[in-house]
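A.B. asks: Sequence and predicted structure are below.
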Amino acid sequence: MAEKKTLRIVKEALESSKERKFKESVDLAVNLKDIDLSIPKNRLDDEVMLPKGRGKPVKIAVFGSGEMAVKAKDTADLVITPEEIDDLADNKKAAKKLANEHVFFIAEAPLMPVIGKKLGVVLGPRGKMPKPIPPSADPVPLINNLRKTVRLRSKDRRTFHMPVGTKDMSIEDLAENVDVIVKRLIGKLERGKMNIASIYIKTTMGKSVRLM
């Protein structure tokens, strides 16, 4: 169950946002302090599965062949065969489009060295390197979990954002997602809450409301 304060802040953020002609995201803006993000080990790069989901679909692509490709076909948004990896490597524009359109990637473990060598320059900086799984594994459960997952990724910036859902979700569901992210964030920071300057909640076009 969500914290009372979180429920109140989410409610305020939603109520202060005008009606739009599109489905607005609800985002968390985190501002860190007293942490040197020029040192790579201090940077946040984690994934959190939201208990109430993201509120809208995210695209997931699978690098696979044979049995893996067959299993992924009906669940993933795109299946990329080993032969297509070379085509993407030769067409940087297509590779960048692929990386920008898909939030997560999964790959048969044996394909990882090839993907790293040929597409790492595109996928790596975007934090989109695939999650390796054995060729015999069923990718469907992982795909379904990733559709509910968001990334906490600061890179070298003290201020960063992540989605916690969409405006049409209930206040309770959004607040529960927020609490899970904040708890993970505090757990990942070396000094916990002491490394957080502030956290705000806002809809895409709405005003920011301070949570912490």
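C.D. replies: In hand now; what should we look at? Numbering: from 1, shown residues only.
A.B. asks: Show residues contacting the helix or strand of the chain with the lowest mean pLDDT.
C.D. replies: Least confident helix or strand, the chain: helix 66-73 with a mean of 90, by mean pLDDT, DSSP states H and E. Residues from elsewhere that reach helix 66-73 (Cβ atoms under 8 Å, 6 or more residues apart in numbering): 62, 64, 79, 81, 106, 108, 135-140, 143. In this view, the C-beta of every residue, glycine as well, is placed from N, C-alpha and C.
A.B. asks: could I get the residues you listed as JSON lines with neighbour count, secondary structure and pLDDT?
C.D. replies: Shown next, in JSON lines, are those (neighbours: other Cβ atoms under 10 Å; DSSP: H, G, I helix; E, B strand; the rest coil; pLDDT from 0 to 100):
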{"residue": "V62", "neighbour count": "27", "secondary structure": "strand", "pLDDT": "96"}
{"residue": "G64", "neighbour count": "25", "secondary structure": "coil", "pLDDT": "93"}
{"residue": "V79", "neighbour count": "21", "secondary structure": "strand", "pLDDT": "95"}
{"residue": "T81", "neighbour count": "13", "secondary structure": "coil", "pLDDT": "92"}
{"residue": "I106", "neighbour count": "22", "secondary structure": "strand", "pLDDT": "95"}
{"residue": "E108", "neighbour count": "25", "secondary structure": "strand", "pLDDT": "94"}
{"residue": "P135", "neighbour count": "14", "secondary structure": "coil", "pLDDT": "87"}
{"residue": "S136", "neighbour count": "10", "secondary structure": "coil", "pLDDT": "87"}
{"residue": "A137", "neighbour count": "16", "secondary structure": "coil", "pLDDT": "90"}
{"residue": "D138", "neighbour count": "14", "secondary structure": "coil", "pLDDT": "91"}
{"residue": "P139", "neighbour count": "23", "secondary structure": "coil", "pLDDT": "93"}
{"residue": "V140", "neighbour count": "13", "secondary structure": "helix", "pLDDT": "93"}
{"residue": "I143", "neighbour count": "19", "secondary structure": "helix", "pLDDT": "94"}
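A.B. asks: just checking, what packs against the longest helix seen in the chain?
C.D. replies: If you go by DSSP state H, the chain has its longest helix at helix 171-188. For helix 171-188, the packing partners by 3 or more Cβ pairs under 8 Å, 6 or more residues apart in numbering; DSSP states H and E come out as helix 4-15, strand 25-32, strand 45-49, strand 149-153, strand 159-166, strand 196-203.
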